Structures are given as C-alpha cells and as structure tokens.
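1. Sharing a model that was predicted from the sequence below.
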Amino acid sequence: MSRSGSVGVMLPRDLEPSQVLPFARHADELGFDELWVVEDLGFRGGVAQTAAVLAATTSIRVGIGLLPVGARNAAFAAMEIATLAQLFPGRVDVGIGHGMPGWMRSVGEWPASPLTLLEEYLRAVIALVRGDVVERGEYVALDAVRLEAACVPENAPLILAGVRGPRSLALSGRVADGTILAEPTTPEYARAALKHVDARRPHRLVGYNVAAVHADAGVAVEAVRAGLEWIGEPDWAPHLAPLPFAEEFAALRRECGSREEFVRRLPEEWVRQLSVTGTPEDARKRLDELFAAGVDSVVLFPMGADPLQAVEQLAAVL
C-alpha cells in the first residue's frame, strides 16, 4: 500500500470507561495517523472525549465526528474548539453536521431550514477560531462576537462538515475545510460525493468504514457484518446509489423483516465492497482504492468482541 492518505481508527462510542484511554494510547502506539471520537445522542460528549484522549496520547491526531449544529451555541462551540487547538496545536480536527433528524427533533433542535443553519454555523465557527468578528444571521444570532486575541489559536484547526445529500455536500465545498463521509464510504460513493463538493480550495475528504482484518478472510468478513445493520435504512441511500448492486440491495432490504436478517443475508461480495475487510493484503488493496478515489483519510471502525484486540489486528494494514 502506498499510504498516499492517512489511516485512522474510530474510538467505539460504547467502549467501557476504563478502556477509553488505553484504547487511545494503543492506537497511538500502533502507528495510526488519526483517532476519531463519536458524539451521538445518549453516549459520550465529543469535546470531553477529545480533550481526554489528546492529553493521554503523544502524537496521534484527534478528530471529533460530529458536533451537531443544534446542540451548542456557535460562539461557545468555537471557544471549546479554539481551546483544544491551543492546548494541542496541530492535533485537532472538528466535524460539524446537521445531526440525525430523529435525535435532533427529540431534543427540540431541528430547524425549519437545516441547510441555512449549517451554513451559518460553519461560517461562524470558522471565523471565530481564526479571530474574526461574527455578525447576526437568521439562526446564529451573534452580535459582533469575537474571541479574545490571547485565545485565538496560532494555527486554526480544520473544520469539516459531516454531510450526505447533494446540497449539503455542495455547501461543504463552499464553506468547510473538508468533508466527512459516514460509513460505508466506497470508492464509488467518494467519487460521487466529490462531484457535489467541487471545492475551489484545498479540501480534505475523510471517509468512515467498518473494518475487520484477519489472516482468515472469512473470519474478518463475518466480523464486519454487525456494523452494516443500519445501511439499509433511508438515510443511507446516498451511499448506495452509485453502487452497481444498489437496486438488488434495496430489494433485499425490503424482503427482510429485520436488520439482523438483512445483514445475515448480504452476499459476501457486497460485504467486502461496503467495508474494509479480509486479510491484511485485502484491506491494504481497499485502502489504495479509496485513496485513488480521492479519500484523504480513511477512518476504520474496529469490529469484534474485544476492541483492543480488534484495533491491534487492524494495525496490520499499516
């Protein structure tokens, strides 16, 4: 593998508290370029996790995926981000997204115009962490707010948009420093997404994928199935549309009465195309295909009963 891009690993959102920092340290020691943390409703906070794992590690870059725009006032989010960037310079990336509609509605934070809110929020946070003044928008109601000069990081962190749909991808290309594609990121999906992003300046593409590596490819393929249970749901349609088996995939999901049955019946060929899996050689080949499709950073979700063992097995791709 050429390592023309970065290889990261995702900190499992439901990891036992006692394993969080050991997992982060182990990923750092194993040589992964990046560690990403999850902020999902009902699990752990993204900012707190990021601060903890940055303090517990020495060199690995840490990304937050994703901060939902309705969850925090943009000025206070920028303060948190700038603080992380000052304390750990060059080691922080921040993903911001709409948030899952169901989650955001359940906390009373789904706007009438998600695109308008996302654009205003991204522009405000990017401006604030660079030391600029932000004025009032339709949703982001800041009144000549700016960070104190002593609190503006020397090198602003990258602010990426975690989005799926064509209009949101185009917005990311106009405003953000990069785009995060949720799992499964296939080469076909990456190429299709980049057509919508169409950035006119440097723009980083991060792609998430469930992953398992084993000397016995069959063992690895079976391990990743559990991570694909959700991809038959409507929110995942943009990921699947560019794939040659998209219609067959949708038909299979309609036939199955549950996610468990659906993922059990997925053909092995589809499982391989929707993940990074197989032998180390298989996985390296897949990473090369993703890098060739324009992905700058592949973030692997370790699948298996023992997360520390799973991430160690994934390190074989390095």
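-> Great, that's in hand.
2. hey, let's count contacts and neighbours off CA atoms from now on
-> Will do.
3. from what I can see, residue 223 looks like it's in a strand, true?
-> No: the assignment for residue 223, made by DSSP: H, G, I helix; E, B strand; the rest coil, is helix rather than a strand.
4. neighbours of it, just the number please.
-> 22 (other Cα atoms under 10 Å).
5. What distance do you get for it to residue 127?
-> For residue 223, the distance to residue 127 (Cα to Cα, to the nearest Å) stands at 43 Å.
6. ok, now residue 51?
-> From residue 51 across to residue 127, the span is 22 Å (Cα to Cα).
7. Over to residue 45?
-> 23 Å.
8. Then residue 33?
-> 27 Å.
9. Look at these two and report which has more neighbours.
-> Neighbour count, other Cα under 10 Å: between residue 33 and residue 127, residue 33 has more, with 20 against 17.
10. Now do the same contact list for the more buried one.
-> 6-8, 60-61 (Cα atoms under 8 Å, 6 or more residues apart in numbering).
11. will you turn the residues you listed into CSV that also has pLDDT?
-> Formatted as CSV, the contacts of residue 33 follow (pLDDT from 0 to 100):
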residue, pLDDT
6, 98
7, 98
8, 98
60, 98
61, 98
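12. So which of the residues you listed belong to strands?
-> If you go by DSSP state E, the contacts of residue 33 have 6-8, 61 in strands.
13. Mind putting those residues into TSV with distance to residue 196?
-> Output for the ones in strands among the contacts of residue 33, formatted as TSV (distance: Cα to Cα, whole Å):
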residue	distance to residue 196
6	23
7	24
8	24
61	27
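14. What about those residues, which one has the most neighbours?
-> residue 8 (27 neighbours).
15. That one contacts residue 298, correct?
-> Yes: Residue 8 is in contact with residue 298 according to Cα atoms under 8 Å; the separation is 6.0 Å.
16. Need the distance between the two termini of stretch 233-251.
-> First residue to last in stretch 233-251 (Cα to Cα) measures 12 Å.
17. swap in stretch 26-38?
-> 18 Å.
18. now stretch 80-97
-> Stretch 80-97: ends 17 Å apart by Cα to Cα.
19. Go through that stretch and flag the buried ones.
-> Neighbour counts using 16 or more other Cα atoms under 10 Å place 81-86, 88-97 of stretch 80-97 among the buried residues.
20. Likewise for stretch 111-125?
-> 111, 114, 116-125.
21. same check, this time on stretch 202-221
-> Within stretch 202-221, judged by 16+ other Cα under 10 Å, the buried ones are 203-214, 217, 220-221.
22. Report the rounded mean pLDDT for it.
-> Per-region confidence: stretch 202-221 scores 97 on mean pLDDT.
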